[in-house]
Structure formats: structure tokens, C-alpha cells
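Trainee: model the structure of this input:
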Amino acid sequence: MTDHDNALMSEVATKQDLYNVGVLIDSNFKSLAGDIHNLRTDMDAQFIAVRSEMRSLFTTFQDEINKTMMRTGFATFLAVVALLGIDRWWR
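Mentor: From the prediction side, this is the model:
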């Protein structure tokens, strides 16, 4: 904690003092607003990157599902043909 001089603390603030404090607050606010804007820009860039990565992974996943379904369908078809052939041969 800062040790303030009691003599300075008891003085009356002038309009110039208040103006200087207002300018300081305003400059700090502008700096904070700039930081928030930069943070939002960075977040937007990250979301765009994540979205494009998800899209590419989803497309890959969808292709793999289509391949697996085709293989399963073909295997099922061959199993049915084999069962019908065995059934016909058995009789």
C-alpha cells in the first residue's frame, strides 16, 4: 500500500486535477477496449480454424461410414447368396 503524504491528501482538488484524472481513465479505457477487440479477433480466428478442422474431419468420417456400409451390405448380400445356395444344395 502506498504511503500518501497527509499534506497532499488534505488539499482541495482543482478542475485541472479532475480533468487529468478523467484523461487518465479515458486512456486506460481505450487501451482496455483495444485489448478486448484484439482478444475477440483472436477468438474469431480460432473458431474459424476449429470449424474448418471439424468440417474436414466430418467429411473424412462420413466417407469412412459410407465405405463401411458398402462393405457390410456386400458381405450381407454374399451371406444371403451362400445361405440360399446351401439351402438349395441341402434339399
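Trainee: so how far is stretch 40-53 off the chain centroid?
Mentor: Distance of stretch 40-53 from the chain centroid (Cα atoms, centre = their mean, to the nearest Å) equals 6 Å.
Trainee: next one: the host helix or strand of residue 84 to chain centre, how far?
Mentor: Per DSSP states H and E: residue 84 is located in helix 15-90. Taking Cα atoms, centre = their mean, one finds helix 15-90 lying 8 Å from the centre of the chain it belongs to.
Trainee: let's test this: mean pLDDT of that helix, rounded?
Mentor: When pLDDT is averaged along helix 15-90, the result is 90.
Trainee: residue 64: neighbouring residues, count only.
Mentor: The local packing of residue 64 (other Cβ atoms under 10 Å) involves 10 other residues. For every residue, glycine as well, the C-beta is placed using N, CA and C.
Trainee: residue 11: what secondary structure?
Mentor: Following DSSP: H, G, I helix; E, B strand; the rest coil, residue 11 is assigned to coil.
Trainee: look at it and report its pLDDT.
Mentor: For residue 11, the model assigns a pLDDT of 71.
Trainee: quick check: it vs residue 78, distance?
Mentor: Shown here: residue 11 relative to residue 78, a distance of 97 Å by Cβ to Cβ, to the nearest Å.
Trainee: same thing with residue 88?
Mentor: Distance from residue 88 to residue 78, counting by Cβ to Cβ: 16 Å.
Trainee: check residue 71 too.
Mentor: The gap separating residue 71 from residue 78 is 11 Å, by Cβ to Cβ.
Trainee: which strands and helices sit next to the helix holding residue 84?
Mentor: Judged by 3 or more Cβ pairs under 8 Å, 6 or more residues apart in numbering; DSSP states H and E, helix 15-90 is in contact with no other helix or strand.
Trainee: quick one: residues contacting the residue most central in space within the chain.
Mentor: For the chain, residue 47 is the residue whose C-alpha lies nearest the centre (Cα atoms, centre = their mean; 4.0 Å). Contact partners of residue 47, counting by Cβ atoms under 8 Å, 6 or more residues apart in numbering, are absent.
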